[in-house]
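Student: Provided below for reference: sequence and predicted model.
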Amino acid sequence: MSDHHELLRNLEDFLVKAMAEIGNCKSSADIENLRVRFLGKKGVLTSEFLKKLGGLDSEIRPVIGSKTNEVKDKIQEAFSQKLLSMKGEEDRLFEESLWVDITIPGSRREIGFEHLVKKTQKEMEDLFISMGYEVKHGPEIEDVFYAFEALNTPEWHPARDSQDSFYIESGKILLRPHTSPVQIRTMESIKPPLAIVSPGKVYRSDYDATHLPMFHQFEGLLVDRDINVSHLKGTLEYFVSSIFKKEMTIRLRPSFFPFTEPSFEVDLMWEDKYGGYKWLEVLGAGLVDPNVFKAVGYDPEIWSGFAFGVGIERITMLKYGLTDIRDLIRGDLRFIRQ
């Protein structure tokens, strides 16, 4: 009988202790840990009370079992109430953490800068779009057909030398040395007449104060009936006068490019920093060679056209008075902020 009373006292003491510890829980994690310790399979209630029921007299066992279940129910109810109140508090604190005072001044953020090359490219694109040209893009890795053969550039030409171009697969695949392949791809897919410009990155084995191994080129192509040199010269005069925002004089100096005939170096009358004037070479141009038209299926007896190409970095340097092309890729913030 004494065991009976002792177990009842222990159950009461356990209930009091459990209620006190449940009241002291600070989080839902604390409640879960305490629930496992008190009511789990290996918890206090099981090990200290339920396992002892089998050793009790048959008359005492129902009394202790009933009391044990009563204690268990009270503890479970206490856990549920505590968890419910705590969840409400946690939800309130979480909502408070999301609250933002929109009247507080925002943090200062540094404003970035548009790169001069991209700024110039966008100006050039907008200028030719206003003249009715479309902007076309193409892959930067090309095969020799689009990079050279379709452009009337035979295998012995210096541009196809491995020291001048970056070949990925010898004699077959390379990083494009110009954006002219975009013109070939466009002519293959579009019937004339057409007017396009093709800006983008190109790659050549050069690196000094005026050359980069990777730079941006801007090429133009116009195909229509009865196109002649006067159309080319008028377009280029309008282009340079618009991009430099003042009336400019150009001259066409005979030259040679495999994909144009006749071909010209285009010089610009440029005022130097001392107030003098000199001719400055800025781009290459010419009338499209008939062999290029034949390569894309155009009849050169019906269609004619002109093409030109200019380095965007070249125009950028002239436009902003730069002396070293490498400044454009060094990432010096002092230069960019100017």
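Tutor: Nice, thanks for sending it over. Note that the coordinates shown come from a computational prediction; the quantities given were computed from them, not determined experimentally. Numbering: from 1, shown residues only.

Student: can you give me the helices for the stretch 201-338 of the chain?
Tutor: With DSSP state H, counting those that start in this stretch as the criterion, the stretch 201-338 of the chain has helices at 229-243, 290-295, 312-320, 333-336.

Student: Looking at those helices, which is nearest to residue 188?
Tutor: Taking CB to CB as the criterion, residue 188 comes closest to helix 290-295 out of the helices of the stretch 201-338 of the chain, the separation being 9.0 Å. Just so you know, the C-beta spots here come from the backbone N, C-alpha and C atoms, and that holds for glycine as well.

Student: Buried residues in the closest one, which are they?
Tutor: Along helix 290-295, these residues count as buried under the neighbour rule (16 or more other CB atoms under 10 Å): 290, 292, 293, 295.

Student: Give me the nearest residue to the third one, chain neighbours excluded.
Tutor: The one in question is residue 293. Leaving aside its chain neighbours, residue 293 sits nearest to residue 300 (4.4 Å; criterion: CB to CB, 6 or more residues apart in numbering).

Student: Look up how far residue 227 lies from the one you found.
Tutor: From residue 300 over to residue 227 the distance is 12 Å, taken as CB to CB, to the nearest Å.

Student: just to revisit the earlier point, in JSON lines: the helices of the stretch 201-338 of the chain, plus distance to residue 222.
Tutor: JSON lines is the format used below for the helices of the stretch 201-338 of the chain (distance: least, CB to CB, whole Å):
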{"stretch": "helix 229-243", "distance to residue 222": "7"}
{"stretch": "helix 290-295", "distance to residue 222": "13"}
{"stretch": "helix 312-320", "distance to residue 222": "19"}
{"stretch": "helix 333-336", "distance to residue 222": "35"}
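
Student: In terms of mean pLDDT, which of the ones you listed ranks lowest?
Tutor: Here the lowest mean pLDDT among the helices of the stretch 201-338 of the chain goes to helix 333-336, at a mean of 75.

Student: Show me what that one is in contact with.
Tutor: Counting contacts by CB atoms under 8 Å, 6 or more residues apart in numbering, the residues outside helix 333-336 that touch it are 113, 115, 327.

Student: hmm, 10 Å instead?
Tutor: By CB atoms under 10 Å, 6 or more residues apart in numbering, the residues outside helix 333-336 that reach it are 112, 113, 114, 115, 116, 322, 324, 327, 328, 330.

Student: pLDDT weak spots in the chain?
Tutor: In the predicted model, the chain carries pLDDT under 70 at residues 1-4, 46-57, 159-163, 208-210, 338.

Student: got the buried residues for the helix ranked longest in it?
Tutor: Determined from DSSP state H, the single longest helix within the chain is helix 61-98. Along helix 61-98, the positions that meet the burial threshold by neighbour count (16+ other CB under 10 Å) are 64, 67, 68, 71, 72, 75, 78, 79, 82, 83, 86.
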